[in-house]
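Q: the following block contains a protein sequence and its predicted model.
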Amino acid sequence: MPTLDYRTAGESHGPALIALVEGMPAGLAVDVELINGELRRRQGGYGRSGRMKIERDSVEFLSGVRRGKTIASPIAMRIVNRDHRIDDAPAVLRPRPGHADLAGSLKWLTTDCRETLERASARETAARVAAGALARCLLNEFDIEVVGYVVQVGSVTGVPPSGTNVGKLRELRDANEAYCCDGEAAKRMIAAIKRTKQDKDTLGGIVEVQVHGHPPGLGSCMRWQDKLDGRLMQAVGSIQAFKGVEIGLGFDAAAAPGSRVHDEIDFDATSIDTPRLGFSRRSNNAGGLEGGMTNGEPIVIRGAMKPISTLLRGLDSVNLETKAPERSDYERSDITAVPAASVVAENVVAFEVARAFLEKFGGDTLGEVRAAYDNYLATARRLGSP
Ligand code: EPS
């Protein structure tokens, strides 16, 4: 039985994007509306380019699903590119600083940066969102919730009140085009994006993802490859344009003494029937992960996105054919894609949590996964009892 995994294929202006998901148990009802809803959200958010008015992202299942349910075979999903013109699109000879253009051209020995940028493009994240949203169909079966939102655009910050539940976080986030849970900050973010557009410039920001309702013990400290914190960091850090990832208190944990960092432990037998098994923490600076494993507290992970590297005003660069100094090429581009990136982060995190969940509770069918999960919880509740 393969572990849950996925691959993507496709170029920004090729015929389609593909997400290929392997290792999903049989018998899972596929919520196509959930997947398409996430794809729509990814296309939205303030600051997106004209490209998003062209595309109408939705998935078409090519395999792995029969009568609305998974049948354990590899699941191929296709998202059609309406702006399909890869063979006719012009060469890009003046690499954009910050994009994959120069590094890719020197790697694949070409003067046409399009050879690289078509795949490096963040368009690929549509396929990642499709895979992650499919994984959420599994998480939903076990009441595991994932939510992502924007906490910073440029220098404007807006964090949700601590302790806000997932439903409320979604409601606050979905009330504005910045996908930020603080409505006042969202207005300032949108104003900043408008100013940046006038300046022919671009903006980055920070997104945050929380996971709730999962059990402890996902991931493992036994092999470095299995540590869930590392895997989540790769998933988020590999999103196009991401330059930093932190979990819980993150970099701020370095400066504070241990007495103020570590999350003290309580036990309350009346909540033993929850996936937290009765344990709770007085803080969650660990972001729900200790020793590369979930500890039962919400997972909290943030990713920092640099500003989009395609600037209307251009940046100093070099023509790869003549080696003469020239401004970088301009292609139609977003001013910021931080709101969209929060959707991507949410879904790639969901995929990693689902993967770790199936590693612990995996079975050929959803029924077997459920039985393994229930058995684990029942056994864990007896821990320490004679
Ligand atoms: C991107 C450039 C733009 C963005 C694109 C990412 O595409 P285009 O060159 O067609 O205008 O719109 O993002 C998407 C297409 C998307 O679906 O997110 C880039 O260079 O990374």
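A: Nice, thanks for sending it over.
Q: from the ligand, how far off is residue 134?
A: 18 Å (Cβ to the nearest ligand atom, to the nearest Å). (Glycine included, C-beta is placed from N, CA and C.)
Q: buried sites along stretch 161-176?
A: For stretch 161-176, a neighbour-count test (16 or more other Cβ atoms under 10 Å) marks 164, 169-170, 172-173, 176 as buried.
Q: for the residues you listed, which one is nearest residue 229?
A: Distances from residue 229 to the buried residues of stretch 161-176, taken as Cβ to Cβ, are shortest for residue 169 (21.7 Å).
Q: who's in contact with the residue nearest to the closest one when sequence neighbours are not counted?
A: With Cβ to Cβ, 6 or more residues apart in numbering as the criterion, residue 169 has its nearest non-adjacent residue at 4.8 Å, and that residue is residue 147. By Cβ atoms under 8 Å, 6 or more residues apart in numbering, the contact set of residue 147 is 166, 169-170, 173, 209-210, 212, 346.
Q: A strand includes residue 147, no?
A: Yes: assessed with DSSP: H, G, I helix; E, B strand; the rest coil, residue 147 lies in a strand.
Q: so which of the buried residues of stretch 161-176 belong to strands?
A: Assigned to strands by DSSP state E, none of those qualify.
Q: for this structure, which spans come out with low pLDDT?
A: Applying pLDDT under 70 to the chain flags residues 1, 386.
Q: and it, which of its residues are near the ligand?
A: Listed as neighbours of the ligand in the chain under the rule Cβ under 6 Å from any ligand atom: 12, 49, 51, 83, 117, 121-123, 126, 310, 331-334.
Q: list the helices and strands the lengthiest helix in the chain packs on?
A: Assignment by DSSP state H gives helix 338-361 as the longest helix of the chain. Here helix 338-361 touches helix 32-43, helix 125-141, strand 145-153, strand 205-212, helix 228-237, strand 299-305, helix 366-381, going by 3 or more Cβ pairs under 8 Å, 6 or more residues apart in numbering; DSSP states H and E.
Q: show me what contacts residue 297?
A: Residue 297 touches 263, 276, 280-281, 284, 286-288, counting by Cβ under 8 Å, 6+ apart.
Q: also residue 122?
A: 239-241, 337, 340-341.
Q: ok, for residue 288, nearest residue in space, not its chain neighbours?
A: residue 299 (3.9 Å).
Q: for the one you found, list each beta-bridge partner.
A: residue 211 (DSSP bridges).
Q: tally of neighbours for it?
A: 26 (other Cβ atoms under 10 Å).
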